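Novice: pasting a predicted model and its sequence here:
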Amino acid sequence: MVVLVHGSGGMSGYIDDWAQEINKMGAAVFLLDSFTGRGLYKVNNDQSKLGRLTMIVDVYRALDLLAEHKRIDPK
């Protein structure tokens, strides 16, 4: 399982490209969007809109969620 997180430009085509490449290697991919639910599109020009620590917390929450998912082996 791989959790992919976008950069300050938000979700874009490169995220899908990486997901497809990782899928080809046989791993599941979870695309984590830290912006949309917060009403953000991108923060390139103002990083203070969403701090890195918040995005790190999002990753840990995603991992907790995925650890309980019936189709994901937690090991």
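Specialist: Received the coordinates, thanks.
Novice: now do the contacts for residue 40.
Specialist: By Cβ atoms under 8 Å, 6 or more residues apart in numbering, the contact set of residue 40 is 10, 34, 49, 50. In short, each C-beta sits where N, CA and C put it, glycine included.
Novice: does it count as helix, strand or coil?
Specialist: When classified by DSSP: H, G, I helix; E, B strand; the rest coil, residue 40 comes out as coil.
Novice: likewise residue 73?
Specialist: coil.
Novice: pLDDT score for it?
Specialist: Per-residue pLDDT puts residue 73 at 76.
Novice: before we move on, the earlier item: including secondary structure, pLDDT and neighbour count, could the contacts of residue 40 go into a markdown table?
Specialist: Converted to a markdown table, the contacts of residue 40 look like this (DSSP: H, G, I helix; E, B strand; the rest coil; pLDDT from 0 to 100; neighbours: other Cβ atoms under 10 Å):
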| residue | secondary structure | pLDDT | neighbour count |
| --- | --- | --- | --- |
| 10 | coil | 91 | 16 |
| 34 | coil | 95 | 20 |
| 49 | helix | 93 | 16 |
| 50 | coil | 93 | 17 |
